[in-house]
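# Got a predicted model here, sequence first, then my questions.
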Protein chains: 2
Amino acid sequence: MTPRVVIDQSILRANIERMAAFARAAGIALRPHVKTHKSIGLARMQVDAGATGITVATIGEAEVFAAAGFDDIFVAYPLWVDESNAERLRALMDRTRLRVGIASAEGARQLVRHAPGVEVAVEVDSGHHRTGVSPSAAGELAAAAADAGLQVAGIFTFPGHSYRPGGMADAARQESAALAEARAAVEARDIDVRVISGGSTPTAASTDASVLTEFRPGVYLFNDAQQLLLGTCEAHDVALTVEATVVFSGSTHAVANAGSKMLGADRQDWTDGYGRIAGQPDARIPALSEHHATITGAALREGDRIRILPNHVCTVVNLVDELWVENGTTDRMPVDARGRNG
Amino acid sequence: MTPRVVIDQSILRANIERMAAFARAAGIALRPHVKTHKSIGLARMQVDAGATGITVATIGEAEVFAAAGFDDIFVAYPLWVDESNAERLRALMDRTRLRVGIASAEGARQLVRHAPGVEVAVEVDSGHHRTGVSPSAAGELAAAAADAGLQVAGIFTFPGHSYRPGGMADAARQESAALAEARAAVEARDIDVRVISGGSTPTAASTDASVLTEFRPGVYLFNDAQQLLLGTCEAHDVALTVEATVVFSGSTHAVANAGSKMLGADRQDWTDGYGRIAGQPDARIPALSEHHATITGAALREGDRIRILPNHVCTVVNLVDELWVENGTTDRMPVDARGRNG
């Protein structure tokens, strides 16, 4: 049946081992972001390979992994905690070692009110300009949080501006510089900075182990068209593809039966389409509907099976309930936290 | 809890009634595309209001609705039927009245081989240039299908190029012209054309009832930011929003906790962001991460609850297992066919 999401477990294992070996050699803790796969089985593989804990984005993801026995979880997101989610957060604190992001004094006050005693990390903006305080302001926020009764573990950032060709090394340098400055600012308030956390798949190879104590890449275990174009992996390192069938072949293009409801609609402004076709480096996907991938630059006939490398694997996995496994010990693997995005 | 997808059932009912009344007045069959909502309860509301059947995009969707008792289903898609999905298609034929799209002689031959006797409609390209044959070639494909033993019900098209400001009326005219030409081409082969099917939400108001016998709009029951910008609805006609919480408020922007995993990443090249904020017409969403909507042009404080109008509602509903209902008779409604995209 197509379309379906297929993972090659031998490539996957190699990707997981490679990142774990890098972390070991660098002497830095690897805390992979499991929002990429949302799968208990895959997180277990990462922990078995040496990950010291996991990263999640939402309370819902934390609940799924805590229920499965994961006992060290970082919600790397500035949660706003109120009556609607406080009980869930407190239940998590009873079940697992939990660390939560804070990015403002108001957010910290909400945490104190609803989940007193929770461990937090101060989010620092290292150049992505999304959430987080400036490095120089990290000390003030850490002090406010500590004074209010939160346990400040340290600081974290996400160098999301690394997702751009030629921008990876710069982003990694900015990440290190911002974290070093933020560390000094927090220590100036007499607060011990035990955790200095950063990382993304594009910056992983440039991680500065003299600054960071842990890093949180996500995509690396699968890779995707975006990573291929950024140059962080080769085509043979891509462990996840979407298998599709060509349903139409016209004079200017072909159409396969995987659209935005299988591939996601992610398209960075520096890419030239909605993914790549395995084994067809000249093929492009200039247009995507919900159930149609329009393909140019490839000689395809109706009925052909193709493998599409999606642009961004994290949103693909969230679209399906299970992954089909090749070269592995099982046929399928559930996406346990699919849809747990709140 | 946020983020969550909320539907206003009173707006929804009005939208459903309005389109049904238009179809009645025009004397044309309304066969709504249920890929928009994937919900048995909402399809029942559409049928209760006068829809003569439903449209789906995949065998998986057809299975869900056939199992719920829907007995007249059009798979408006050029399925490629082979050993991997033939049994499912045959089981559907036993269960419901089924019509399937064809867009090539090869596709028709596959249907004959695996699902002999199935009713088909020939897909015509009316200007969207995705799948389908040219209007003049519809006769040849219909004859090939009929000769091979398929029951040719008629022709269909999707005027998808209507999703562009200023393009709606032109697309509707091209739709009518293409279907009229295709009808003549099929009738020239002595094949009765019982079904002439078109339609989309942007072209619905321009439907030419002198040509079409049925139309298949999908989005109209919810509407979304795209329809608002196209001018096919007003802000008070939007029945579906994503409720989110502001988690960060900086000097240049705010961030809410709904990202591409709740809103979808759909962004047409003629839009200026990833949706709109209800009640804040000047607000924009220039950037979207998986769990972050970056918002400019609005005075927002951390903890504020906002309602986001997504760009494209069909991909949003496919991301969640249930819809939260306001002004209705129930609290929640399941998305029964979520993820059934193959």
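Cool, got the structure.
# In the stretch 101-250 of chain A, what residue spans correspond to strands?
In the stretch 101-250 of chain A, the strands defined using DSSP state E, counting those that start in this stretch lie at A:119-123, A:151-156, A:195-198, A:214-215, A:240-249.
# Of the ones you listed, which is nearest chain B?
strand A:240-249 (4.3 Å; Cβ to the nearest Cβ). The C-beta positions use only the backbone N, C-alpha and C, and glycine is treated the same way.
# Extract the CA atoms of whatever helix or strand A:A25 lives in and return them as PDB.
For A:A25, the element it lies in under DSSP states H and E is helix A:9-26. What follows is helix A:9-26, C-alpha atoms only, in PDB (Å, rounded to 0.1, in the frame of the first residue of the first chain):
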ATOM      1  CA  GLN A   9      16.700   0.400  10.400                       C
ATOM      2  CA  SER A  10      20.300  -0.300   9.400                       C
ATOM      3  CA  ILE A  11      20.800   3.300   8.200                       C
ATOM      4  CA  LEU A  12      18.900   4.500  11.300                       C
ATOM      5  CA  ARG A  13      21.200   2.500  13.600                       C
ATOM      6  CA  ALA A  14      24.300   3.900  11.900                       C
ATOM      7  CA  ASN A  15      23.000   7.400  12.300                       C
ATOM      8  CA  ILE A  16      22.200   6.900  16.000                       C
ATOM      9  CA  GLU A  17      25.600   5.300  16.700                       C
ATOM     10  CA  ARG A  18      27.500   8.000  14.800                       C
ATOM     11  CA  MET A  19      25.900  10.800  16.900                       C
ATOM     12  CA  ALA A  20      26.400   8.900  20.100                       C
ATOM     13  CA  ALA A  21      30.000   8.300  19.300                       C
ATOM     14  CA  PHE A  22      30.500  12.000  18.600                       C
ATOM     15  CA  ALA A  23      29.000  12.800  22.000                       C
ATOM     16  CA  ARG A  24      31.200  10.300  23.800                       C
ATOM     17  CA  ALA A  25      34.300  11.600  22.100                       C
ATOM     18  CA  ALA A  26      33.400  15.200  22.800                       C
END
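# Run the chain-centre distance for the very next helix or strand once past that helix.
Per DSSP H and E, the first helix or strand lying C-terminal to helix A:9-26 is strand A:29-30. With Cα atoms, centre = their mean, to the nearest Å as the basis, strand A:29-30 stands 14 Å off its chain's centre.
# and strand A:29-30, what does it pack onto?
In terms of contacts (3 or more Cβ pairs under 8 Å, 6 or more residues apart in numbering or on different chains; DSSP states H and E), strand A:29-30 is packed against helix A:9-26, strand A:214-215.
# could those go into TSV alongside mean neighbour count and mean pLDDT?
Shown next, in TSV, are the helices and strands packed on strand A:29-30 (neighbours: other Cβ atoms under 10 Å in any protein chain shown; pLDDT from 0 to 100):
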stretch	mean neighbour count	mean pLDDT
helix A:9-26	17	97
strand A:214-215	26	97
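# and of these, who's closest to chain B?
strand A:214-215 (18.3 Å).
# returning to that earlier point: identify the residues contacting the helix holding A:A25?
The contact list for helix A:9-26 (Cβ atoms under 8 Å, 6 or more residues apart in numbering or on different chains) reads A:29-30, A:32, A:42, A:45-46, A:49-51, A:204-205, A:207, A:209, A:215, A:217, A:220-223, A:236-239, A:325-329.
# Up against chain B, what does the stretch 151-300 of chain A have?
When proximity is defined by Cβ under 8 Å from any Cβ of the partner chain, the stretch 151-300 of chain A lies next to chain B at A:160, A:245-250, A:252, A:255, A:257, A:260-262, A:264-267, A:287, A:289-292, A:294.
# try the stretch 1-150 of chain A
Residues of the stretch 1-150 of chain A lying near chain B (Cβ under 8 Å from any Cβ): A:1-4, A:35, A:57-58, A:77-80, A:82, A:84-85, A:103-104, A:106-107, A:110, A:129-132.
# List only buried entries from those residues.
A:2-4, A:35, A:57-58, A:77-80, A:85, A:103-104, A:106-107, A:110, A:130-132 (16 or more other Cβ atoms under 10 Å in any protein chain shown).
# Mark which of those residues are part of helices, please.
If you go by DSSP state H, those have A:E106, A:G107, A:Q110 in helices.
# Mind pulling the model confidence for A:G167?
At A:G167, the model reports a pLDDT of 88.
# cool, and A:I191?
Per-residue pLDDT puts A:I191 at 98.
# neighbours around it, how many?
A count of neighbours around A:I191, defined by other Cβ atoms under 10 Å in any protein chain shown, yields 19.
# didn't it look like it was pressed against A:V152?
Yes: between A:I191 and A:V152 there is a contact at 5.5 Å, judged by Cβ atoms under 8 Å.
# Find residues that contact each of these two.
Contacts common to A:I191 and A:V152, judged by Cβ under 8 Å, 6+ apart, are A:A142, A:A146.
# The helices and strands packed on strand A:29-30: which one's closest to A:L98?
strand A:214-215 (15.4 Å; Cβ to Cβ).
# Partner strands of that closest one and their direction?
Applying DSSP bridges to the sheet, strand A:214-215 is found paired with strand A:29-30 (parallel), strand A:195-198 (parallel).
# Just name the most buried of the ones you listed.
For the strands paired with strand A:214-215, the largest average neighbour count (mean count of other Cβ atoms under 10 Å in any protein chain shown) is found in strand A:195-198, namely a mean of 25.
# Contacts for it, please.
A:31, A:74, A:76, A:99, A:121, A:126, A:153-159, A:175-176, A:179, A:183, A:207, A:211-216.
# swap in stretch A:162-169?
Here stretch A:162-169 has contacts from A:161, A:171-172, A:175, A:200, A:202-203, A:206, A:226, A:229-232, A:268, A:270, using Cβ under 8 Å, 6+ apart.
# got it, and stretch A:296-304?
Counting by Cβ under 8 Å, 6+ apart, A:245-249, A:252-254, A:256, A:277, A:280, A:282-286, A:306, B:80, B:82, B:104, B:106-107, B:110 sit against stretch A:296-304.
# So for it, mean pLDDT?
Here the average pLDDT along stretch A:296-304 is 97.
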